[in-house]
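> How does the following fold in three dimensions:
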Amino acid sequence: MDLSKLNLAELKDLSTQVGVELKSREKSEVAKARSEIEAIAKGLGLSLQDLLGNSDTKGKVRKPSGKVAVQYRNPHDASQEWSGRGRQPGWVKELLASGKNLMSAKVNN
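Numbering: from 1, shown residues only. Modelled structure (predicted):
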C-alpha cells in the first residue's frame, strides 16, 4: 500500500482503523495466552492462583519495622521529639534559625 497517494482524511481514517484492529488483536492474543496458561495449570492439577501465586508481593517478604528511636529532643519542651528522619519539625527549624545546631538537642543514648 502506497501511503503517499492517500489524502489527509484517508490517512486519518486508516490510522483509526489500525488502532481498532490493534486493540482487537491484543485482546484476542491475551485471551489465547490465558487459555493456554490455564490448560497448562489444569494439566498439572493446579489453579491459576496456585501457578502464579500472589503477584502483589512479587516473592518478597517484608519484615515489620519497629519505631525509630528518638535522636533529638526540644531543649525547651522535652515532650517534643524527632527521630531525625523526615521533615524537620517546627521546633528544630526554630532552633537552627536561632543559630544553634542539632547537637544541642541530641539525645544521649
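> what residues go with each domain of this structure?
Annotated domains of the chain cover 3-52, 72-105 [automatic domain parsing].
> Any buried residues in stretch 95-104, and which?
L95 (16 or more other Cβ atoms under 10 Å). For glycine as for every other residue, the C-beta is placed from the backbone atoms N, C-alpha and C.
> and among the domains of the chain, the most buried is which?
domain 72-105 (a mean of 13; mean count of other Cβ atoms under 10 Å).
> name the helices or strands packed onto the host helix or strand of K93?
Element membership for K93, per DSSP states H and E: helix 90-97. Helices and strands in packing contact with helix 90-97 are not found; criterion 3 or more Cβ pairs under 8 Å, 6 or more residues apart in numbering; DSSP states H and E.
> contact partners of it?
The set of residues external to helix 90-97 that reach it, using Cβ atoms under 8 Å, 6 or more residues apart in numbering, is Y72, N74, P75, H76, D77, Q80, W82, Q88, L102, S104, A105.
> Would you format the domains of the chain as TSV with mean pLDDT and distance to G66 included?
Output for the domains of the chain, formatted as TSV (pLDDT from 0 to 100; distance: least, Cβ to Cβ, whole Å):
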stretch	mean pLDDT	distance to G66
domain 3-52	91	32
domain 72-105	91	12
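> can you put these in JSON lines and add distance to P64?
Putting the domains of the chain into JSON lines (distance: least, Cβ to Cβ, whole Å) gives the following:
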{"stretch": "domain 3-52", "distance to P64": "25"}
{"stretch": "domain 72-105", "distance to P64": "17"}
